[in-house]
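# can't give you the sequence, but here's the structure:
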């Protein structure tokens, strides 16, 4: 697939479940995506943070910093290679492209939730606290469209 706007289209596809769950209560079933995205990276960090720190706000900050570092390193690697491939007039590496979006699915939803969790850490013992995953899912889904726009912008720039 060598379309000029693949990043935007894929970003919109990743954003669509969050958009649907934001505008229609019946589509909240899509929020399971955000809950499942916590398991591979955020859950181990959460368990480590709770073992190290006594206060939940410190544990949430620990998880946020770990996820932010993962986002930063993966984005730096992807965009550095995207610019390098563009400068060498090579097509978009689709394996790297889909791998990046797949990895961001496991990072972006938890990052936005842990920002919310850090702000609302006073309510961390409340049973409604986990509902924050449903609240933050539409917001975090919008970031995929931003990433798609950024990929297309960098990919389609010409060297003059």
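That came through, no problem. These numbers were taken from a predicted model, which means no experiment stands behind them. Numbering: from 1, shown residues only.
# return the distance of the lowest-mean-pLDDT helix or strand in the chain from the chain's centre.
Lowest on mean pLDDT, DSSP states H and E among the helices and strands of the chain sits helix 32-36, with a mean of 76. Averaging C-alpha positions (C-alpha atoms, centre = their mean, to the nearest Å) puts helix 32-36 12 Å from its chain's average.
# what do you get for stretch 17-26?
18 Å.
# for the record, mean pLDDT for that stretch?
Averaging pLDDT along stretch 17-26 gives 73.
# repeat for stretch 106-122
82.
# excluding its own residues, what touches that stretch? List them.
Stretch 106-122 is contacted by residues 33-34, 37-38, 40-42, 55-57, 60-61, 63-64, 67-68, 70-71, 74, 124, 129, 132-133, 135-137, 139-141, 143-144 when judged by C-beta atoms under 8 Å, 6 or more residues apart in numbering. Backbone N, C-alpha and C define where each C-beta goes, glycine included.
# go again with 7 Å.
Residues from elsewhere that reach stretch 106-122, judged by C-beta atoms under 7 Å, 6 or more residues apart in numbering: 34, 37-38, 40-42, 56-57, 60-61, 63-64, 67-68, 70-71, 132-133, 135-137, 139-140, 143-144.
# can you list the buried residues in that stretch?
106-118, 120-121 (16 or more other C-beta atoms under 10 Å).
# what of stretch 69-82?
By neighbour count with 16+ other C-beta under 10 Å, stretch 69-82 contains the buried residues 70, 71, 74, 75, 78, 82.
# quick check: the last one vs residue 147, distance?
Just to be clear, that refers to residue 82. Computed as C-beta to C-beta, to the nearest Å, the residue 82 to residue 147 distance reads 11 Å.
# picking up where we left off before, now, which of the buried residues of stretch 69-82 sits nearest residue 21?
residue 71 (22.3 Å; C-beta to C-beta).
# nearest residue to the closest one in space, please, no chain neighbours.
Closest residue in space to residue 71, ignoring its immediate chain neighbours: residue 107 at 4.9 Å, by C-beta to C-beta, 6 or more residues apart in numbering.
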